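J.: mind folding the following:
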Amino acid sequence: MSVKTMSWILLAAIALGAVLLFNYWASYQWLSMLAYTGIVAAILGLMNLVMPFGFMGIRKRYIGALVLAGGVAVSLAALFWPAAMIRVAQPRTRLDEIVPEYQFGEWHSARVHARPEQVIEAVRQTTFGDMKSLGTLLRIRAAALRIHDSGDSFQGKRVLDAFSASGYVTGGNDHEIVMCGGANVQAQRSLGVRTLQECADYREGGAVKMAYNFAVEDAGGGWSTITTETRVVALDDATCRGMARYWRLIAPGSGLLRRQWLDAIQRRAEGEGQK
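T.: Residues are numbered from 1 along each chain as shown. A predicted model of the protein is given here:
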């Protein structure tokens, strides 16, 4: 087998692995995946424009230019693609009642060998330190925004307490925890809501509402199923366009943190269940 053939096979394997990992983290955010595919293609095109990958059979710089242009076009199309409104047909959870319409969302689940009440308590007790990638992602965010807050002060805090301190309101029942909040982007202030119903009724333009839940069901045999869903709704067209670009860029990092949060809940709940 030639070096050229092996190089293309290796590239295809890496691409397939990256797509599978991306979708595992980002809960099948296809526009986000296309945006990052375009970014990677643009980088590879730029590299080939500077020095063609002869070992892959690429000899001409114009090929790099074409790949660069195509990658940029794909990324821009994905980032600027209009966001459709998603509507809940039949409310089944408290989250469905609070945010029945939204443009952006993600969903993750896990099975836990513990009773539902132990899982709910584990949700309440998890800290930012349980999310191993949080520090790295916050440092990337700080560098991109040119700010000094790298998130180190959050590490020992319970996640739900930190959200409450930032203006989010909480509610739910014995098997579901719901939090809702957000910010008025144009006015640069929090929503100022005091109850879940106020958050549900908030309609001021220029704002972004975000709500998420943790719902636990008894799966039998000492097992529980926990699901977490995040929903984001922008309350006017201009804010929605900006939120679409932001969401599609942060989707893989957000999904990774949700996965790590669920892993932390599982460890805490199963550890409590063994006592």
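J.: please enumerate the strands of the stretch 101-250 of the chain.
T.: Counting by DSSP state E, counting those that start in this stretch, the stretch 101-250 of the chain has strands at residues 101-102, 104-112, 169-173, 176-184, 189-190, 207-220, 223-234.
J.: for Leu46, find the nearest of the ones you listed.
T.: Closest to Leu46 of the strands of the stretch 101-250 of the chain, according to Cβ to Cβ: strand 104-112, at 29.8 Å. In this view, the C-beta of every residue, glycine as well, is placed from N, C-alpha and C.
J.: just the C-alpha atoms of stretch 192-203, please, in CSV.
T.: What follows is stretch 192-203 as a C-alpha-only set of coordinates in CSV (Å, rounded to 0.1, in the frame of the first residue of the first chain):
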residue,chain,number,x,y,z
GLY,A,192,-34.5,39.8,37.2
VAL,A,193,-37.1,37.1,37.5
ARG,A,194,-38.0,35.7,40.9
THR,A,195,-40.0,32.5,40.1
LEU,A,196,-40.2,30.0,37.3
GLN,A,197,-43.5,31.4,36.2
GLU,A,198,-42.0,34.9,35.9
CYS,A,199,-39.2,33.3,33.8
ALA,A,200,-41.8,31.5,31.6
ASP,A,201,-43.8,34.8,31.1
TYR,A,202,-40.7,37.0,30.3
ARG,A,203,-41.0,38.4,26.8
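J.: which of the residues in it are buried?
T.: Of all the residues in stretch 192-203, those buried under the rule 16 or more other Cβ atoms under 10 Å are Val193, Leu196, Cys199, Ala200, Tyr202.
J.: show me the contact partners of the host helix or strand of Ala12.
T.: Under the criterion of DSSP states H and E, Ala12 resides in helix 3-26. For helix 3-26, the surrounding residues in contact (Cβ atoms under 8 Å, 6 or more residues apart in numbering) are 29, 32-33, 36, 53, 55-57, 106, 251-252, 254-256, 259.
J.: show me the domain layout of the protein.
T.: According to automatic domain parsing, the chain comprises the domains 3-80, 86-273.
J.: looking at the ones you listed, which one is packed in the most?
T.: Burial among the domains of the chain, expressed as mean neighbours by mean count of other Cβ atoms under 10 Å, is greatest for domain 86-273, which shows a mean of 17.
J.: among the helices and strands of this protein, which one scores worst on average pLDDT?
T.: Every helix and strand of the chain was ranked by mean pLDDT, DSSP states H and E. The lowest is helix 134-145, at a mean of 60.
J.: so for Glu270, which of the strands of the stretch 101-250 of the chain sits nearest?
T.: Glu270 sits nearest to strand 104-112 of all the strands of the stretch 101-250 of the chain, at 6.4 Å, using Cβ to Cβ.
J.: pLDDT of that closest one, averaged?
T.: Across strand 104-112, the average pLDDT comes to 95.
J.: also compute the angle for that strand relative to helix 3-26, please.
T.: Strand 104-112 and helix 3-26 meet at an angle of 90 degrees, taking axes from the mean of the first three to the mean of the last three Cα atoms, to 10 degrees as the criterion.
J.: what comes into contact with strand 104-112?
T.: Outside strand 104-112, the residues that touch it by Cβ under 8 Å, 6+ apart are 26-27, 29, 83, 86, 119, 219, 223-233, 243-244, 247, 251, 254-255, 258-259, 262-263, 265-266, 269-270.
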